[in-house]
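[1] how would this look folded up:
(2 chains)
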Amino acid sequence: DAGVIQSPRHEVTEMGQEVTLRCKPISGHNSLFWYRQTMMRGLELLIYFNNNVPIDDSGMPEDRFSAKMPNASFSTLKIQPSEPRDSAVYFCASSLLGSLNSPLHFGNGTRLTVT
Amino acid sequence: AQRVTQPEKLLSVFKGAPVELKCNYSYSGSPELFWYVQYSRQRLQLLLRHISRESIKGFTADLNKGETSFHLKKPFAQEEDSAMYYCALSGLTGANNLFFGTGTRLTVIP
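    Residues are numbered from 1 along each chain as shown, chains lettered A, B, ... in the order given. So this is what the prediction gives:
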């Protein structure tokens, strides 16, 4: 199993542009999480899905951020328009809901730089 | 509301010295606590969880409900322990919806 796959690994964009981050969870996992990592705040939960349904999006900073999970094997996090303060590493993670032995499995992250 | 506090952003110890990474939490119910680690150029991964009561790579962590703490300890630090460590809390079984602290970067000096 390749684990959680995120793309792109790095994204550099100009302020005002739309950014789309992608995630493929581990096959069979039914919970998917989007986190943002910064030096100041560490890992912040942005949103998570159970069985493709958004459960809690209270961590999404603003309306500029949106996330979708059209099926069990794919999710996107979109920022439109992007701003320099959005620069961070964005992690996707997946797990098996309801399983005591299923920790979160993280992807390699997408390092976003907005200039 | 749940909250995880890691008071030290940076921690340096010499090889062979004991190490303790502090973690305090606030949660009204019965929490499940975890330590995750991120080595250089690797993914964030689970190190240990309190319900397992296990020792991984020489690290242990005891949940102290009275002090609401879950400090990570190792008696003799090794160079390969240098990494970023995150304490995390879940209020539900199954490790769903984890809340992380801000992390502590551990550097073991040879």
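
[2] can we go C-alpha only for contacts and neighbour counts from here?
    OK.

[3] tell me the SS of the residue nearest to the spatial centre of chain A?
    For chain A, the residue nearest the mean C-alpha position is residue A:34 (3.0 Å; Cα atoms, centre = their mean). With DSSP: H, G, I helix; E, B strand; the rest coil as the basis, residue A:34 sits in strand.

[4] which residues touch it?
    By Cα atoms under 8 Å, 6 or more residues apart in numbering or on different chains, the residues touching residue A:34 are A:45-48, A:77, A:90-93.

[5] ok, and the closest non-adjacent residue to it?
    Nearest non-adjacent residue to residue A:34, counting by Cα to Cα, 6 or more residues apart in numbering or on different chains: residue A:92, 4.6 Å away.

[6] try residue A:70
    residue A:52 (6.9 Å).

[7] measure that neighbour to chain B for me?
    Residue A:52 is 14 Å from chain B, where distance means Cα to the nearest Cα, to the nearest Å.

[8] Not counting its neighbours along the chain, what's nearest residue 40?
    By default, I'm working from chain A. That would be residue B:102: by Cα to Cα, 6+ apart, it lies 7.4 Å from residue A:40.

[9] The chain in question should be chain B.
    What sits nearest to residue B:40 in space, not counting adjacent residues and going by Cα to Cα, 6+ apart, is residue B:83, at 6.5 Å.

[10] part of a helix, is residue A:28?
    No. Going by three-state DSSP, the assignment for residue A:28 is coil, not a helix.

[11] Restrict stretch B:5-24 to CA atoms and write it as PDB.
    Extracted C-alpha coordinates of stretch B:5-24, given in PDB (Å, rounded to 0.1, in the frame of the first residue of the first chain):
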ATOM      1  CA  THR B   5      -0.500  22.300  25.200                       C
ATOM      2  CA  GLN B   6       3.100  21.600  24.500                       C
ATOM      3  CA  PRO B   7       5.000  24.300  26.300                       C
ATOM      4  CA  GLU B   8       8.300  23.800  24.600                       C
ATOM      5  CA  LYS B   9       8.800  24.500  20.900                       C
ATOM      6  CA  LEU B  10      12.400  23.500  21.000                       C
ATOM      7  CA  LEU B  11      14.200  21.000  23.300                       C
ATOM      8  CA  SER B  12      17.900  20.000  23.100                       C
ATOM      9  CA  VAL B  13      19.500  17.300  25.100                       C
ATOM     10  CA  PHE B  14      22.800  15.500  24.900                       C
ATOM     11  CA  LYS B  15      23.100  11.900  23.700                       C
ATOM     12  CA  GLY B  16      22.600   9.500  26.600                       C
ATOM     13  CA  ALA B  17      20.700  12.100  28.700                       C
ATOM     14  CA  PRO B  18      17.100  11.600  29.800                       C
ATOM     15  CA  VAL B  19      14.500  13.400  27.800                       C
ATOM     16  CA  GLU B  20      11.000  14.500  28.700                       C
ATOM     17  CA  LEU B  21       8.600  16.200  26.300                       C
ATOM     18  CA  LYS B  22       5.800  17.800  28.100                       C
ATOM     19  CA  CYS B  23       2.100  17.600  27.100                       C
ATOM     20  CA  ASN B  24      -0.900  18.900  29.000                       C
END
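
[12] what's the next secondary structure element after the lowest-mean-pLDDT helix or strand in chain B?
    One helix or strand of chain B scores below all others by mean pLDDT, DSSP states H and E: strand B:99-100, with a mean of 88. As assigned by DSSP states H and E, the chain's next helix or strand after strand B:99-100 is strand B:104-109.
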